[in-house]
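**Q** Mind folding the following:
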Amino acid sequence: MATTIGAEGRIDLGEHGIDAGGRVHLHPSTSLLYTHTLRRDEGRLAEGGPLVVDTGRHTGRSPKDKFLVREPGSEARIWWSTVNQEIDETHFEGLRDKITSFLEDQDLYVVDSFAGADPSHRLAVRVITYSPWHGLFAKTLFIEPTDEELTEFEPEALILHAPAIEADPAEDGTRSSTFVLLHPSRAEILIGGTFYAGEIKKTIFTLMNDRLLLEGVLPMHCSANVGDEGDVAVFFGLSGTGKTTLSADPERHLIGDDEHGWSDDGIFNIEGGCYAKVIRLSLEAEPEIYKTTQSFGTVLENVVVDERGVLDLDDDSKTENTRAAYKLEQIPNALPTKRAGHPSSVIFLTADAFGILPPIARLSREQAMFYFLSGFTAKLAGTEIGVTEPQPTFSACFGAPFLPQPPAVYAHMLGERLARHGAGVWLVNTGWTGGPFGEGQRMPIAATRALLRAALSGDLAEAEFKTDPLFGFEVPTSVPGVETSLLDPRSTWRDPEIYDRKARELAQMFRDNFVQFAADAAPEVTAAGPRV
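**A** Numbers count the residues shown, from 1 in each chain. Predicted structure coming up:
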């Protein structure tokens with residue numbers, strides 16, 4: 001049996017089908033993973049201490065290469081679609097054998113951790129990889145067990161990670177040489193053909209999006225923070241909408257930046273770390289996140305670094321999707337428990353590439369369910385392969401790529417929680433104003449922050465509102481500290497008639513997209529959309 005290196009004893013990977021021939025590093029330290037990455041010339045040490053790595057040709061997720069295994073234990077509840085493509089168990093087993101055969105000849109890193117800060121709803125996750133920096137990524141993004149928890153650790157989910165192994169589409173039933181496979185009932189994940197580390201965290205999130213529903217918990221693609229008075233806010237939004245940036249508010253305590261569950265007891269983070277975009281990050285605009293890029297323990301993906309070890313966060317020559325993975329505790333005001341009460345505010349973030357939506361709008365419960373199911377935003381450059389400039393898109397529940405079950409299931413559960421706990425819901429546009437992308441300007445982040453502070457403090461509820469005649473939501477007419485013209489998108493366009501035409505086009509897009517949900521949504525939810 002292979003030699004096991006680790007403070008917590010030995011491990012036999014035979015239970016996972018691996019007869020390890022190399023050294024097995026069980027529960028490796030951050031220092032060891034740094035050392036091995038640098039020794040193997042698979043990363044660089046930058047000024048301040050971060051580890052800089054390159055993910056090669058995959059600088060974003062590969063959603064078209066993700067498959068769920070069609071198997072008796074889960075097939076009836078899965079949302080089979082382009083989001084959840086099916087693969088049979090025979091092909092899954094064939095690729096599993098390819099990975100385990102390869103791993104048997106490598107030195108391995110075994111990272112044990114948890115997904116879910118609430119002990120009542122957490123999943124014990126084991127990641128087995130031959131790549132030390134991917135091991136560090138997993139150690140950073142998931143919740144580290146205590147020494148006592150490690151002695152009793154029994155994995156409930158397994159990731160077999162072998163990015164150098166490529167599939168043969170004709171033989172393995174995949175679309176390309178890249179594959180990300182999830183077996184829902186066995187909670188096993190296979191990753192190959194891609195070095196992009198985000199696949200590790202998002203496959204576990206996909207699994208949790210299935211498992212938590214079965215436990216009566218709403219899984220959410222959102223960030224969350226809490227004020228000193230216990231007022232919780234959650235921020236839904238896809239990559240690039242400001243979900244990470246806006247939740248890292250120095251005046252509030254960060255619960256988490258991307259994945260949460262909403263149980264009968266309140267909110268809990270699914271992760272132990274953050275995975276933030278860092279392209280053109282500045283110390284002035286985002287000081288908390290910026291400091292993590294200068295810190296030991298942070299993994300920086302595809303960030304340009306010179307021969308002196310100095311970073312250039314403005315350089316997008318590799319990708320717009322440069323990333324930093326860091327522990328939540330690196331944010332000074334992070335909440336150690338990663339848990340809080342029920343939200344009093346729910347924020348839907350959208351980067352509107354058309355420049356039509358106002359910077360903030362108040363939604364009724366029915367409108368909230370409509371816009372939640374719609375999930376409108378702009379798919380920003382670099383987040384997925386092949387996307388080179390912003391594109392308008394609809395992503396159900398602000399996270400369609402990670403939903404194993406039909407979107408209506410999640411929306412119904414959100415509506416029920418809004419009704420029970422009385423949270424206010426706001427639609428916030430962090431995208432464009434004064435015209436569409438290419439003509440208008442990006443919404444000033446200072447204005448967005450001022451509007452959010454007013455909404456979360458309750459001050460905005462006292463403002464005067466007007467109802468948008470097309471979209472039906474309520475828009476404040478004035479907010480202290482915010483330029484009044486920003487609140488009226490039509491007035492920011494040079495030609496109001498062009499705005500009107502483009503607004504009607506966007507409203508029709510919402511209506512056309514919602515047709516797919518009409519059969520499962522209540523009539524009042526369908527009616528809550530734009531009045532085309």
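**Q** use CA for all of it now, contacts and neighbours both
**A** Will do.
**Q** quick one: Asp54 from Pro392, how far?
**A** Using C-alpha to C-alpha, to the nearest Å, we find Asp54 at a distance of 29 Å from Pro392.
**Q** Counting neighbours around each, name which of the two comes out higher.
**A** Higher neighbour count among Asp54 and Pro392: Asp54, with 19 against 16, using other C-alpha atoms under 10 Å.
**Q** Pretty sure Cys222 sits in a strand.
**A** Yes - assigned with DSSP: H, G, I helix; E, B strand; the rest coil, Cys222 falls within a strand.
**Q** Quick one: residues contacting the nearest residue to it once chain neighbours are set aside.
**A** Spatial nearest neighbour of Cys222, chain neighbours left out: Phe236 (4.2 Å); criterion: C-alpha to C-alpha, 6 or more residues apart in numbering. Taking C-alpha atoms under 8 Å, 6 or more residues apart in numbering, we find Phe236 in contact with Met220, His221, Cys222, Ser223, Lys243, Val346, Ile347, Phe348, Leu349, Phe398.
**Q** please redo it, this time with the cut-off set to 10 Å
**A** By C-alpha atoms under 10 Å, 6 or more residues apart in numbering, the contact set of Phe236 is 220-224, 242-243, 257-259, 346-350, 372, 375, 397-399, 427-428.
**Q** Check Val299 too.
**A** 34, 43, 45, 49-53, 133-134, 136-137, 140, 275, 292-293, 323-327.
**Q** let's see it at 8 Å
**A** Applying C-alpha under 8 Å, 6+ apart, the residues contacting Val299 are Pro50, Leu51, Val52, Val53, Trp133, Leu136, Phe137, Ala324, Ala325, Tyr326.
**Q** which residues pair with it across the strands?
**A** In this entry, Val299 is beta-bridged to Leu51, Ala325, by DSSP bridges.
**Q** Can you tell me how far it is from Ala519?
**A** Per C-alpha to C-alpha, Val299 is found 45 Å from Ala519.
**Q** The stretch 101-250 of the chain: strands as residue ranges?
**A** Secondary structure of the stretch 101-250 of the chain (DSSP state E, counting those that start in this stretch): strands located at 108-115, 123-129, 157-161, 179-183, 188-192, 218-226, 232-236.
**Q** Make JSON lines from those strands and add mean pLDDT and distance to Phe510 to it.
**A** Formatted as JSON lines, the strands of the stretch 101-250 of the chain follow (pLDDT from 0 to 100; distance: least, C-alpha to C-alpha, whole Å):
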{"stretch": "strand 108-115", "mean pLDDT": "98", "distance to Phe510": "34"}
{"stretch": "strand 123-129", "mean pLDDT": "98", "distance to Phe510": "36"}
{"stretch": "strand 157-161", "mean pLDDT": "98", "distance to Phe510": "37"}
{"stretch": "strand 179-183", "mean pLDDT": "98", "distance to Phe510": "31"}
{"stretch": "strand 188-192", "mean pLDDT": "98", "distance to Phe510": "35"}
{"stretch": "strand 218-226", "mean pLDDT": "97", "distance to Phe510": "21"}
{"stretch": "strand 232-236", "mean pLDDT": "97", "distance to Phe510": "18"}
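**Q** Quick one: closest of the ones you listed to Phe92.
**A** If you check each of the strands of the stretch 101-250 of the chain against Phe92 by C-alpha to C-alpha, strand 179-183 wins as the nearest, at 7.4 Å.
**Q** Give me the contact list for that closest one.
**A** Strand 179-183 is touched from outside by 65-70, 92, 166-167, 188-194, 199, 203, 207, with contacts defined as C-alpha under 8 Å, 6+ apart.
**Q** what bits of this structure have low per-residue confidence?
**A** Counting by pLDDT under 70, the ranges of the chain that qualify are 1-9, 378-390.
**Q** rerun that using 90 as the cut-off
**A** Filtered on pLDDT under 90, the chain yields the residue ranges 1-11, 237-245, 248-250, 285-286, 353-354, 377-393, 436-439, 461-462, 481, 532.
**Q** Show me the helices in it, by range?
**A** Secondary structure of the chain, counting by DSSP state H: helices at 30-39, 89-103, 132-141, 147-151, 169-172, 198-214, 243-247, 287-292, 365-374, 407-421, 445-457, 489-492, 496-514, 523-526.
**Q** now those helices in CSV, with distance to Thr467 and mean neighbour count?
**A** Below are these laid out as CSV (distance: least, C-alpha to C-alpha, whole Å; neighbours: other C-alpha atoms under 10 Å):
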stretch, distance to Thr467, mean neighbour count
helix 30-39, 53, 17
helix 89-103, 52, 18
helix 132-141, 42, 26
helix 147-151, 53, 11
helix 169-172, 53, 13
helix 198-214, 35, 21
helix 243-247, 26, 23
helix 287-292, 36, 19
helix 365-374, 13, 24
helix 407-421, 21, 17
helix 445-457, 17, 17
helix 489-492, 13, 19
helix 496-514, 15, 16
helix 523-526, 17, 16
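**Q** right, so of these, which gets closest to Phe437?
**A** Closest to Phe437 of these, according to C-alpha to C-alpha: helix 496-514, at 12.7 Å.
**Q** That closest one packs against which elements?
**A** helix 365-374, helix 489-492 (3 or more C-alpha pairs under 8 Å, 6 or more residues apart in numbering; DSSP states H and E).
**Q** What lies in contact with the longest one?
**A** So the one you mean is helix 365-374. Here helix 365-374 makes contact (C-alpha under 8 Å, 6+ apart) with 348, 394-398, 407-408, 411-412, 414-415, 418-419, 425, 473, 510, 513-514, 517, 524-526, 528-529.
**Q** Centre of the chain to that helix, how far?
**A** 20 Å (C-alpha atoms, centre = their mean, to the nearest Å).
**Q** between that helix and helix 407-421, how many degrees?
**A** If you take axes from the mean of the first three to the mean of the last three C-alpha atoms, to 10 degrees, helix 365-374 sits at 150 degrees to helix 407-421.
**Q** Between helix 496-514 and helix 365-374, find me the angle.
**A** 80 degrees.
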